[in-house]
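> After the sequence you'll find the predicted model.
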Amino acid sequence: MAINITGDPAADKVLTDDPFALLTGMLLDQQYPMEHAFRGPAKVLDRFGNLEPEKIASADPQEFAEMCATTPAVHRFPGSMAGRIQALAALVVEKYDGRTDRLWVEATTGKELLKRVQELPGFGKQKAQIFVALLAKQLDVRPEGWEAAAGDYALPGRRSVADVVDEQSLAEVRDYKKQKKAAAKAV
């Protein structure tokens, strides 16, 4: 299944074809518009030449941060996100021998998958639940109990990046997030 999150077919192809790109896009999806965050891996690929976790983890941190800060930057906070990308790559190398997809293809239950994702740097419970839902809805990765692991993000409707398939669904997710923020402020 092709991923359509960014509005840029080339960037979406990178996400579709490379598991580390998808994981990195999810990492970058914070304090930054989601479609821009998910374009980040394509920028890294264009500038760095590849998305191999081993090479990213072993890159010179200062040079990698400078590359991430090159306009247009990979993220609103390119320096700190460069470090997080490298930490993510290092963990994928250490725990999964550089094969990002092992994170989900070897998980036998939704609970195990959620636990694995929460172990990643920059992935708290909510981000991990959204990523589990993204894997299930976009890539059809559905270990037993994935719905419970994904929580509210498994429900029907447009709640997160897991539900973005086109411009219309992106607008619906934005509306949902605005409503949630407004409700939180009202309390």
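Yep, that arrived.
> residues in contact with Gln138?
1, 3, 162 (Cβ atoms under 8 Å, 6 or more residues apart in numbering). Using the backbone N, CA and C atoms, a C-beta is placed for each residue, glycine as well.
> ok, it to Val132 distance?
Gln138 is 11 Å from Val132, where distance means Cβ to Cβ, to the nearest Å.
> Pro41 too?
Counting by Cβ to Cβ, the gap from Pro41 to Val132 is 19 Å.
> Look at the two and report which has more neighbours.
Neighbours were counted for Pro41 and for Val132 using other Cβ atoms under 10 Å; Val132 has more, 31 against 26.
> what about the strand or helix carrying the more buried one, distance to the chain center?
Val132 is part of helix 125-139, with elements assigned from DSSP states H and E. Distance of helix 125-139 from its chain centroid, counting by Cα atoms, centre = their mean, to the nearest Å, is 9 Å.
> buried stuff in it?
Neighbour counts over helix 125-139 (16 or more other Cβ atoms under 10 Å) mark 127-138 as buried.
> which residues does Phe64 contact?
Here Phe64 is in contact with 48, 56, 82, 85-86 (Cβ under 8 Å, 6+ apart).
> one more time with 6 Å, if that's ok
Counting by Cβ atoms under 6 Å, 6 or more residues apart in numbering, Phe64 makes contact with Ala82.
> what separates it from Met81, distance-wise?
10 Å.
> Ok, Ala150 next?
For Ala150 relative to Met81 (Cβ to Cβ), the value is 25 Å.
> cool, Lys178 as well?
Where Met81 is concerned, Lys178 sits at a distance of 24 Å (Cβ to Cβ).
> out of these two, which sits in the more crowded spot?
Met81 (25 against 10).
> ok so, going back, could the buried residues of helix 125-139 be laid out in a markdown table, adding pLDDT and distance to Gln30?
Putting the buried residues of helix 125-139 into a markdown table (pLDDT from 0 to 100; distance: Cβ to Cβ, whole Å) gives the following:
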| residue | pLDDT | distance to Gln30 |
| --- | --- | --- |
| Lys127 | 96 | 7 |
| Ala128 | 97 | 13 |
| Gln129 | 97 | 14 |
| Ile130 | 97 | 11 |
| Phe131 | 97 | 12 |
| Val132 | 97 | 17 |
| Ala133 | 97 | 16 |
| Leu134 | 96 | 14 |
| Leu135 | 96 | 18 |
| Ala136 | 95 | 21 |
| Lys137 | 93 | 20 |
| Gln138 | 91 | 19 |
